[in-house]
Structures are given as C-alpha cells and as structure tokens.
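Chemist: Fold the following and give me the result.
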Amino acid sequence: MKVFNLVVSLLCIIPHAFCVTADSNKFERYRSLSRSAPIELTDSSYEDITSKHRDYHVAVLLTAADSRYGCILCREFQPEWELIARSWNKGSKPDDGLRMLFATLDFSDGKGTFQKLMLQTAPVLLLFPPTVGPFAKVDDTPLRFDFSGPISADQLYTWINRHLPEGPKPSLVRPINYMRLVSAVTLLMGAVTLFTVLSPYVLPIIRNRNLWAAFSLIAILLFTSGHMFNHIRKVPYVAGDGRGGISYFAGGFSNQFGMETQIVAAIYAVLSFATIALAMKVPRIADNKAQQVAVIIWGSVLLGMYSFLLNVFKTKNGGYPFFLPPF
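Modeler: This is a model prediction of the structure:
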C-alpha cells in the first residue's frame, strides 16, 4: 500500500514538473525572439504567450499602427513602447526572479483577438500576471490600461511598475539624441561668436544709463496710469456721453477708459520731463537770462499740466474741492 501511494505521488508531481519546465522554456523561447524590441504577436502566438501555467508577467500592447487605420496615437506611442521594452530587456538580469515579457499585437495580425476582446479602440495595454511561481495570483484576469490621450513612456512605465511585485526593476533609459546635442552645441557656439563680434557695439548701448532710465520711466508711466487695469478688465477705449459726444474719462475710481489711460500717461510724462528739466538741465545753463526764461517755461508747463491733472481728478470725483488755474 505504501508503495502504491508513493507511485501515485510521483505521478502527480512529475506532470507538474514537466509543466513548469515547459513554461520556463516558453519564456526563454519568447525572450530570445527579441532582445531589444517588443515581441511581434499573431492570434496564435497571443493565445500561447498568455495561456495559463505561465511563471512570468507579460504586457501586451494591442495597437493599430498601420497607416490605413488612421490611428495617430498608435503610431506616436510606438517608439515609446519600444523604449520601455528595450530598457527592461537590457536592464533585467537572469537572477532577478521577476520575469517579464513585452509584446505587441497589431490589428493587422490579430483581428480575431480584437474581436474576441470586443475592442473598439486602440491602443490598449493588457498586463497579465503569472499563474504559477512565487508571484502567482489566484485571479489571472489581465489589468487593462486605456489610452485617453498622448502619454509618455515614463507615465506608462510607472503604471506597469506599480502593478508589479516589490523589488528592484530596470530603469527607463532614453537614448542620447546626438542630433539635438550637436544642434544645441552649434547654436551655443554661434551665439558666443555673435556676442564676441558684436560686443564692442552692443555693450555701450546696454550700459547706457539714459537708455535704461528711459525704459524705466516708460514702464513706470504705463503701470501707474492703469495699463494693467485695462488688460484685466477689458475696458472700452472710449464711450458716448449720452449727448452725441464722446467721453474720454469714466466717472468713479473703479472705472476708466483706454483713452483715459493714455491721456493720464501723457500728463505724467510731461510732468516728469518738466521736473527733470528744472532739476538737471536748467541749472547747467550758463546764461542767466536764458536760464530765467527756461525756468519760466518749464514752471509754466509744470503748473499747466498739474492743473489739468487736478481737473481730470475732479472729473473722476465730482466732490473734489481743489483746482488750479487755468482749469
């Protein structure tokens, strides 16, 4: 009786051993088909590589890369998918324990599989877990990743790694784009050469204090007159006054017109130049009479423009009690 039980046990173990050996051979066979790119599948090879008693993970991209199907997303993602497979195959080691296959089933070669899976769109990624071995799962239903739009290899590789067992995994390594590198170096050298040649002419202009002062003054005048307010609020340029005329100034402090901003900026500019002239230019005039005339002229301009500014302010706020002649 003991001999009979021993024989029965051996008969139960031997087929299982043969089955595991066959699965291992199948993994090595498919792995040898493509060391750097995804395995190209057909309907029959898809059924074989995803059949049960597998001790490896397999990721299958169901795509329609042929131009006659008009799947732009399929063609755009194909290089990214090849990058994922190439990075894994080159980075994985035989003693890692985690075995993985990457395969591609195009619609041209797998119409039966597409019909069986009732796929209406492409591309679609299916990730099959192992059914035997240390990483086997009871539920061997494949995980599905649907492409809602263009994605990168990094995004999909992160999703795949998230559903794999814990442990070290190969890194995603993008090849060096030598053409882009050469182009960048060439442009950099050209820019350095151009700067070296033009620097004797450009640097004096860049270092000119008057130029920077002019730019700064223009920027100050634009922003203090309400230029950004116009862009944010999308205010009208002018508006009718209700009597057949045009109103250039909007009443109230929370309203303004585009033309109003330009007028106020011009007032500020004239006041600024008048002040600068009185402070810097007039004292340098050697002739006393000419200096007196310049003071009178610029003082009159300053008084007139400031009076006009107060009048504009009174238009915005009717209760403002102050004014200057001649307005």
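
Chemist: Report the contact partners of L98.
Modeler: Under the criterion of CB atoms under 8 Å, 6 or more residues apart in numbering, the contact partners of L98 comprise 57, 92, 135, 164-165, 167, 169. Backbone N, C-alpha and C define where each C-beta goes, glycine included.

Chemist: Around R144, how many other residues sit close by?
Modeler: A total of 11 residues lie near R144 under the criterion other CB atoms under 10 Å.

Chemist: same check, this time on the one 3 residues further on
Modeler: Summarising burial for F147: neighbours were counted as other CB under 10 Å, giving 17.

Chemist: so V60 sits in a strand?
Modeler: Yes. According to DSSP: H, G, I helix; E, B strand; the rest coil, the state of V60 is that of a strand.

Chemist: Specify the beta-bridge partners of it.
Modeler: Listed beta-bridge partners, V60: A103, L126 (assigned using DSSP bridges).

Chemist: For F249, see how far away it is.
Modeler: Between V60 and F249 the computed distance is 71 Å (CB to CB, to the nearest Å).

Chemist: And the protein, split by domain according to the record?
Modeler: Described in terms of the TED database, the domain architecture of the chain consists of the residue ranges 24-163, 208-316.

Chemist: Need those domains in JSON lines (columns: distance to L194 and mean pLDDT).
Modeler: What follows is the domains of the chain, written out as JSON lines (distance: least, CB to CB, whole Å; pLDDT from 0 to 100):
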{"stretch": "domain 24-163", "distance to L194": "35", "mean pLDDT": "89"}
{"stretch": "domain 208-316", "distance to L194": "20", "mean pLDDT": "88"}
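
Chemist: got CSV for those, with distance to F323 too?
Modeler: Formatted as CSV, the entries for the domains of the chain read as follows, by distance: least, CB to CB, whole Å:
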stretch, distance to F323
domain 24-163, 63
domain 208-316, 6
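
Chemist: all strands for the stretch 1-150 of the chain, in order.
Modeler: Using DSSP state E, counting those that start in this stretch, the strands of the stretch 1-150 of the chain run over 39-40, 57-63, 100-106, 124-128, 143-146.

Chemist: Looking at these, spot the one closest to N177.
Modeler: Counting by CB to CB, N177 lies closest to strand 100-106 out of those; the figure is 22.6 Å.
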